[in-house]
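**Student:** take this sequence and fold it.
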Amino acid sequence: MLCLTCHAVTRGSLCAACVRGLHPAPDRLLPGGLRVVASFAHEDTARGLMHLMKYQGVVTLAEMISDRLAERLPPLPLVPIPRAVSRRIRYGIDPALVIAHALAARSGSPVLRVLRRPWHSTQRAGGDHRHAVSRFGVTPFENPSVILVDDVVTTGATLLAAMAALGPERVAMAVAANSALGVSTLSPS
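**Tutor:** Numbering: from 1, shown residues only. Here you go, the predicted model:
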């Protein structure tokens with residue numbers, strides 16, 4: 001078998017060197033007190049795996065995320081932050097939804113698809129989201145408290161927009177596959 005990220009011969013999906021390239025991300029606190037728990041720093045191996053997930057549909061990272069995060073989550077419904085419809089069609093995957101389902105399989109929490117994104121968004125991964133965050137539509141739901149699920153957190157603007165759409169009092173925390181370190185002014189907790 002070949003390593004997913006460096007293509008070295010290995011027994012598993014990642015070689016030993018790439019496994020060592022997975023660095024844990026510290027919890028972060030966004031404005032308004034939203035705690036973000038991420039599996040990995042968005043660098044090295046984790047960045048490569050995220051690229052494979054988002055643009056080629058390789059979902060190995062989702063299982064790694066669920067292994068790391070499921071036990072740290074309270075038993076609350078998971079609300080994935082949806083990808084713009086045009087990007088879901090183009091790439092055949094909605095990474096946050098895949099991650100939410102992997103977490104749900106491990107934790108037993110339900111996945112609620114209550115956020116809606118527009119048909120197309122000009123956002124790009126790693127871009128400046130402060131002025132381009134899409135507005136979210138929300139399907140009414142009963143649960144008083146939920147956990148937001150996203151793929152990569154850079155500035156935190158997308159999470160904050162989703163939290164505002166759902167109602168800040170309903171969002172207990174957020175989880176993500178990767179968190180970019182040093183990209184924003186967010187404080188580690």
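
**Student:** show me where this structure has strands.
**Tutor:** Along the chain, counting by DSSP state E, strands occupy 28-29, 35-41, 78-80, 115-116, 137-138, 146-153, 171-179, 187-188.

**Student:** out of those strands, which is closest to G21?
**Tutor:** Nearest of those to G21, taken as C-beta to C-beta: strand 35-41 at 9.4 Å. For glycine as for every other residue, the C-beta is placed from the backbone atoms N, C-alpha and C.

**Student:** if I look at D150, how far off is L78?
**Tutor:** Per C-beta to C-beta, to the nearest Å, D150 is found 11 Å from L78.

**Student:** joint contacts of these two?
**Tutor:** V175 (C-beta atoms under 8 Å, 6 or more residues apart in numbering).

**Student:** mean neighbour count and distance to V59 added to the strands of the chain, as TSV?
**Tutor:** Output for those, formatted as TSV (neighbours: other C-beta atoms under 10 Å; distance: least, C-beta to C-beta, whole Å):
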stretch	mean neighbour count	distance to V59
strand 28-29	18	25
strand 35-41	22	14
strand 78-80	26	14
strand 115-116	16	21
strand 137-138	13	26
strand 146-153	25	11
strand 171-179	25	11
strand 187-188	10	28
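
**Student:** turn those into CSV, columns for mean pLDDT and distance to G92.
**Tutor:** Shown next, in CSV, are the strands of the chain (pLDDT from 0 to 100; distance: least, C-beta to C-beta, whole Å):
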stretch, mean pLDDT, distance to G92
strand 28-29, 90, 30
strand 35-41, 92, 23
strand 78-80, 96, 16
strand 115-116, 89, 19
strand 137-138, 85, 23
strand 146-153, 94, 15
strand 171-179, 91, 18
strand 187-188, 42, 35
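
**Student:** output the below-cut-off pLDDT ranges for this structure.
**Tutor:** Along the chain, the parts satisfying pLDDT under 70 run over 118-134, 182-189.

**Student:** what are the ranges of the helices in it?
**Tutor:** Secondary structure of the chain (DSSP state H): helices at 16-20, 44-56, 60-69, 85-91, 95-107, 157-166.

**Student:** how about those in JSON lines, adding mean neighbour count and distance to V114?
**Tutor:** As requested, the helices of the chain are exported to JSON lines (neighbours: other C-beta under 10 Å; distance: least, C-beta to C-beta, whole Å):
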{"stretch": "helix 16-20", "mean neighbour count": "15", "distance to V114": "35"}
{"stretch": "helix 44-56", "mean neighbour count": "20", "distance to V114": "22"}
{"stretch": "helix 60-69", "mean neighbour count": "21", "distance to V114": "20"}
{"stretch": "helix 85-91", "mean neighbour count": "14", "distance to V114": "16"}
{"stretch": "helix 95-107", "mean neighbour count": "22", "distance to V114": "12"}
{"stretch": "helix 157-166", "mean neighbour count": "21", "distance to V114": "7"}
